[in-house]
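Q: Coordinates only, no sequence provided:
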């Protein structure tokens, strides 16, 4: 059994919870779960035991209630009635958004709130924590020596506070996994990687790789393998879910700070001019975002070709499907005592795979590495 | 030195000839040549020594003349003045097209015409033949026992006649390569594979893999690796070059006979409904075709996503770039005495890689196999 | 009250019937009904009183039953239980399709079947007939003198037979309207226009203008008004409903006979090369077709621009919405005794507006003419 | 003869100058000139007599020199050697851009600089001034009473200063036209409209209507005329010319201030959620921008359709083509003494047609009004 705690009961978490329960009862096929039933752990081995949020409209209600409210189609498994959403850490992670939020640390100090959480987790014997809260503005810690000080001074974001607490939990209670599916640098922060190594924990991250970025990576690989010279790439994204809203609030200042992706240079071997970033918020699009892309390249004899891609992608289900793998791969990493982080997992599932210092590779190559790490054979070959 | 004979001095051959000469003199970068300067044979090792066609407006003129007429930009290397286009085999391969064509076999019988050609090739010491004639309606030979009979009865197409003659040349003169870059089944015809094995020749084929098909293969691989369920694929192609004209002439009856591609089932593992075929002829598009594609698939939780791709692709240069590799790989196969055909080469460069019986694989996987066969290491890793 | 008879209880008829009833009860807004509530006749004035089909799986069942089976969402108004689908005329209109069909004329002769129908219509006092059967292969009658003979010899299609019978009904019973929403030439056949003039009937047609064609017309107008020179247009269509199936069956031979549209030349003033036709059948797309289009044109200084359009269009609802207008406009034409056909109506609603001899105009211009004919003022101005 | 002065010798001005000269000598067709040869003034009636800029690399050189440097194709009419680029007004209009700029007002005070310009214009007898400088951050003047004060205090932009000077020129020398083809509000600023009425001048503006915005307007009209309910519109633009660079410099703060377009509400009659704005700068795209658009709408029965548009548009030639009309229409307005501004002209040619207070209309309707004002009959009807 793999016992899972959710951090951030938003759309992704709801799709994950609903989908997982349906998978267990064979009510849906496992589309969107890359490693399907190939892993030693089965879907029925995974159990969600806790959920945390800071949205007052969610705290105290069950995941079933929230799913009924937010999930299209509304056919919600009854087992989700058992998971009550608890108050988590806020630290202003939702600041600027039109959400009434209050964190546990606002009632006592952060240190005490984290210890309280660790006690709760202990009683629930959680193995894997999934961080799927809304994108937050964040500064990496950098040196392990600064981590404790930053936490003491409450100079951390909610994700960093959770990652810190999970590390302590690993030490005090039992080894566990922190799956960081949002952009905050955890698996890319040397401080946290070192911390997890010491505390006997595993961190996967950062930023679940869904949407157009993995597709772009593989298109670039396709062009590289033909030695076509990429002249330029532009990729636009617009959607209507909370994440797009958060990214576009000027006061949250997230987009500007977004570090430039290195995938273009890492895959192609040269820096093709590119404009790749989330572009806007348009409420009626909801969770099904609109992506538009142009890639221009030179073919043999310097003739110019153009590639235009338009996509409509359900944002949250895509990430939820990856979580079904990550939870199981996390348990496998624990079994193998692969503490710190695991590049072979991150490289396929994450937009910014930790640890820092590794080059980006196309998802095709990452998939090969992943299968090898997981000890899985592609049945086609 | 690799001595090359061209069969069919159309746009592809012209782009190949012009591009190759420019490459030798470092006048253009080697964009669109997948294996770049990684092979033991260099661009300067390749020399075009002969060219055959049946278009009366081309025969007797030089490749330089034709390039000046047909090549955009018109900056034509003077070295192409040395290659005079000779009359080749017609066998009605251009029937129905608005081209005044006459083949060598119309003046004598086919048998004699082929022997004459072999004599010419011998004097020019050709190593590699490139078949880039216009798409022709064709029936495979099937059993080697039928091959000679079919040739005797002139019940073969021009491509089949050339492939037969090159086989005889291998036996009589020296081992050589027949690169079949058009759809006619040669590397997929057991008769020809067996024939080349016996005669000590190499055939690469069939149908150079450019345009949208390899891209589709890699997109399908991308979806497979995420376990997304493909619901349907439609891919339209329209262009204004001779090949699109030939495919759309009802009397040529090519499109209808086109065997259905197995890439969808081979890569995905199931038969997703698809409509993939050349669609029309529109003269002003010229050699830069318009491709439109839709792929619909189910993500986690059975949410439907849509992918639309629009591309503008210069058809002939893309194939010409592959030929720069195929000529060199052909010579490598001769050096290694790998007679018959070489799946590892065909799998990457061909739409219908021979020999028959092999499953289609994504081009990513084919690229890995190719690098291995060629003994090349990807410098990125 | 406007009493309506449906010919062909396919998807379009079902969307029309369901939508109309919902409109009457204000359960849906009137999106997709161009003239909205601006006409003297209201939605509640329209009543469907009869429906004809030849599909054995439909005959004898009610429109409610069929809607329950075929209508997405399935919220079907109970009033549709009152309309029982009757056996109509077949004349091989469904030949080649995988549908078990039998027409009334197969039990007796055509002449007698038509007279029987006229009697039925008389008892139901039908005012407007809507022809929405599946596209059929057809030859126009041409001269009025041939019409009766063609019917006698059963050398007509189902649409022609119905159109003939409705004409007789106009004479014998009362003036009525035949709305021909399918491609068969009725409003473009001089024989039928003359026939309706004599019998005091009105025919609207041909081929309801939905999908990409009216959009293309308006895009061309947009380019004309900027004096941009259109170089080429390609427009692909693929869908999964019965109409796409019918168009793609080679034995039905419809696509090949499709007369070339004159909209390009009529709107632009010159014949820009174009490839505009339904392209294929792909079952999983269902009623929501995929359209892909390219338009290339020269701007000032002969710079080339490109326009690519991709659309997903629900085919049947779009036409159903137009029918809500056409039924009411038909009654207005009867009130005004505008017998024969009405170009101002056809020009906006039809792909091939009758009568023959009129130039195509952009839909913008047609809309202006339509408003004028209908005596409606655009409330924006 | 119409004597023209150019303000801002950028790409648009160069395309205008080169194209106009070629038009005069029948070297190119008049594609992209909406009113073609239908107007009383012919192409040969237009003569460019002056050009102003503040880029040190342009001042003192001829339009021929600049065209040779910047114009693709490079076939430059020799007549452009006669137009020497003079130093104009800067007022920081290029601030933040990587251009070494210095204005005439930096050597003396603004007042004096303007008087000097008026003298120059007088000697050249200029009739029409075209403002095509780079987009500038700007505050409208609002009340005529403030205009002179704002100029005195140098609290105006370069466009406002020129517009003011041209007004004085109208009074002192002769009636003239100021064509404001950039976004700065001149024809939308009540102060300037009143000023031109008093001084006997004509102002056309603001912001030449090219690219995707007029297309969007006409698509919305198309949807309105079918009563389809638009759910959302997103439109992205990215390009590599100076204008995109200027719009994307954060310190120029232009994008944020961009007033929201009212076309969506004005044409549809309701405010459909939309995200329409220039999106980014990508240098290799150059002057041929990439536009991507999504429009979602409800059809009959509330079925949702989607429209995706991708376009590649040569930005500067499109506007240059409109200028060929605007210059001639300006002279016609002078002949008619239509001082102030002319809505019928602005409505078709401008993104924000002045005067303020008029509703946006689709370009189709604007075209009808324009033809009427110009006294031109569409030869198609």
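A: Structure received. Keep in mind it's a predicted model, so treat the numbers as computed, not measured. Numbering: from 1, shown residues only, chains lettered A, B, ... in the order given.
Q: What's the first helix or strand after the helix or strand where residue A:15 lies?
A: Taking DSSP states H and E as the criterion, residue A:15 maps to helix A:11-24. On the C-terminal side of helix A:11-24, the nearest following helix or strand under DSSP H and E is strand A:46-53.
Q: Please name the strands paired to that next one in the sheet, noting orientation.
A: In its sheet, strand A:46-53 lies beside strand A:2-7 (parallel), strand A:85-87 (parallel), with partners assigned from DSSP bridges.
Q: Which one of these lies nearest to residue C:302?
A: Within these, the stretch nearest residue C:302 is strand A:2-7; the backing value is 59.3 Å (Cβ to Cβ). In short, each C-beta sits where N, CA and C put it, glycine included.
Q: I'd like to know how far the closest residue to residue A:358 other than its chain neighbours sits from chain C.
A: Excluding its sequence neighbours, the residue lying closest to residue A:358 (Cβ to Cβ, 6 or more residues apart in numbering or on different chains) is residue A:343, at 5.6 Å. Distance of residue A:343 to chain C, computed by Cβ to the nearest Cβ, to the nearest Å: 38 Å.
Q: who's in contact with residue A:343?
A: Contact partners of residue A:343, counting by Cβ atoms under 8 Å, 6 or more residues apart in numbering or on different chains, are A:353, A:354, A:355, A:358.
Q: Filter these down to the buried ones, ChimeraX style.
A: Selecting only the buried members of the contacts of residue A:343 in ChimeraX, with burial defined as 16 or more other Cβ atoms under 10 Å in any protein chain shown, works like this:
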select /A:353,354,355
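Q: Let's see which of the contacts of residue A:343 end up in strands.
A: Among the contacts of residue A:343, no member is found in strands (DSSP state E).
Q: Looking at the stretch 51-200 of chain A, which residue is nearest chain C?
A: Each residue of the stretch 51-200 of chain A has a distance to chain C, by Cβ to the nearest Cβ, and the smallest belongs to residue A:73, at 12.9 Å.
Q: what secondary structure does that residue sit in?
A: At residue A:73, secondary structure determined by DSSP: H, G, I helix; E, B strand; the rest coil is coil.
Q: Show me which residues of chain A sit near chain C.
A: For chain A, the residues in contact with chain C under the definition Cβ under 8 Å from any Cβ of the partner chain are A:308, A:310.
Q: 10 Å instead?
A: Residues of chain A found near chain C (Cβ under 10 Å from any Cβ of the partner chain) are A:306, A:308, A:310, A:312.
Q: would you list those residues in TSV and tack on neighbour count, pLDDT and secondary structure?
A: Converted to TSV, these look like this (neighbours: other Cβ atoms under 10 Å in any protein chain shown; pLDDT from 0 to 100; DSSP: H, G, I helix; E, B strand; the rest coil):
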residue	neighbour count	pLDDT	secondary structure
A:306	19	98	strand
A:308	24	98	strand
A:310	24	98	strand
A:312	21	98	strand
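Q: tell me, which of those make contact with chain D?
A: A:306, A:308, A:310, A:312.
Q: Enumerate every residue touching the first one.
A: Going by Cβ atoms under 10 Å, 6 or more residues apart in numbering or on different chains, residue A:306 touches A:231, A:294-297, B:288, B:310-313, C:306, C:308, D:290, D:310, D:312.
Q: Stretch A:324-335 and chain B in contact?
A: Yes: Stretch A:324-335 lies in contact with chain B when judged by Cβ under 10 Å from any Cβ; the contacting residues are A:324, A:325.
Q: Which pLDDT value belongs to the nearest residue to residue A:95 once chain neighbours are set aside?
A: Among residues not flanking residue A:95 along the chain, residue A:252 sits closest, at 7.2 Å (Cβ to Cβ, 6+ apart). pLDDT, residue A:252: 70.
Q: Residue A:43 and chain C: what is the separation?
A: 27 Å.
Q: doesn't residue A:27 make contact with that residue?
A: No: with contacts defined as Cβ atoms under 10 Å, residue A:43 does not count as touching residue A:27, sitting 11.2 Å away.
Q: Spit out the residues that contact those two alike.
A: A:19, A:21.
Q: Please say which of those two ends up with more neighbours.
A: Using other Cβ atoms under 10 Å in any protein chain shown, the more surrounded residue of residue A:43 and residue A:27 is residue A:43, with 21 against 13.
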